[in-house]
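> Have a look at this prediction, sequence included:
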Amino acid sequence: MIFHVLTIFPEFFEGPFAHGVVKRAKDAGILDIRIHNLRDWTFDRHKSVDDRPFGGGEGMVMKPEPLFLAVESIWPERTPRQKAILLSAQGRMFDQAMANGLSREAELLLICGRYEGVDERVAEHLADGEISIGNYVLSGGELAAAVVIDAVARLLPGVLGNEASAAFDSFQESGHGEGLLDCPHWTRPADFRGWKAPEVLLNGNHEEIRKFRKRLALEKTARLRPDLVRRP
Ligand code: 9D3
């Protein structure tokens, strides 16, 4: 899969993809991440990517032209499996189901907004969708783009040794049941500063362990994420 990122801060992406699962997937040739500097599509002396908002008001707005020229030069013959996504605070909230959907595309282009916003014609006539990663204010789309790429990359066949990518359809792959949080985990030592790992996990009774984990997953979900516990 090919990811493109369109940004005024290309150096931002030197870190996020240089480690762990995403780096291994890149090295294995499963994914290719291409960072594009939006200022390469500006032609004035100051390489302007923003301008004042029509109607007045605070802040600056990203101009449409460099964004359109960039996408049109990256994809001179755009196909339906080449999806451009605008990262914006007004977008649909990103979740695991969206990550699954995006992982089935051939090529994604993530447009990172900055300043007070992006000219609306980008959302209307250039991007296929508009994604937010949560209800808090970021200073731009770059962190959000890195989040989306990480979540999508780990779903690609071969990345985690997951050949059957269709099996990864639920939020959290814990196996405790659809939509529950994962159960808590412990490792050695069995007694750390007097805090003990649950005895049942040490005794090798796998049926008992399975039930115990399921119960803890349910309890923890009810306590931390009551919104995930459906009551009929
Ligand atoms: C006065 C209203 N502005 C907040 C100070 C609106 C605003 C403009 C620009 C809010 C955020 C941004 C920049 N944010 C993003 O580009 C962004 C974002 C986010 O802020 N939260 C969650 N997901 C995303 S994806 C892109």
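Perfect, thanks for sending it.

> Of all the residues in the longest helix seen in the chain, which ones are buried?
For the chain, the helix that runs over the most residues, judged by DSSP state H, is helix 206-224. By neighbour count on 16 or more other Cβ atoms under 10 Å, the buried set for helix 206-224 is Ile209, Phe212, Arg213, Lys214, Leu216, Ala217, Leu218, Thr221. For every residue, glycine as well, the C-beta is placed using N, CA and C.

> For Ala99, state which of these is nearest.
Checking those against Ala99 with Cβ to Cβ, the nearest one is Thr221 at 20.0 Å.

> what's the distance between that closest one and the ligand?
24 Å (Cβ to the nearest ligand atom, to the nearest Å).

> That residue contacts Leu180, correct?
Yes: using Cβ atoms under 8 Å, Thr221 is in contact with Leu180, at 4.9 Å.

> ok, Arg34 - contacts?
Ile2, Phe3, His4, Val5 (Cβ atoms under 8 Å, 6 or more residues apart in numbering).

> before we move on, what SS does it have?
strand (DSSP: H, G, I helix; E, B strand; the rest coil).

> Three-state assignment for Gly91, please.
Classified using three-state DSSP, Gly91 is strand.

> Distance of it relative to the ligand?
6 Å.

> Overlap of the contact sets of Thr221 and Leu180?
Leu228.

> out of the buried residues of helix 206-224, who's nearest Pro53?
Using Cβ to Cβ, the buried residues of helix 206-224 come closest to Pro53 at Thr221, 43.7 Å.

> Contact partners for the closest one?
Leu180, Leu181, Leu228, Val229.

> Helices of this structure, start to end?
Under DSSP H, the chain gives helices at 20-27, 64-74, 96-102, 120-125, 142-153, 206-224.

> Can you name the residues that contact Gly140?
Phe9, Cys112, Gly113, Arg114.

> The ligand next: which of these are close?
Contacts with the ligand within the contacts of Gly140, as defined by Cβ under 6 Å from any ligand atom: Gly113.
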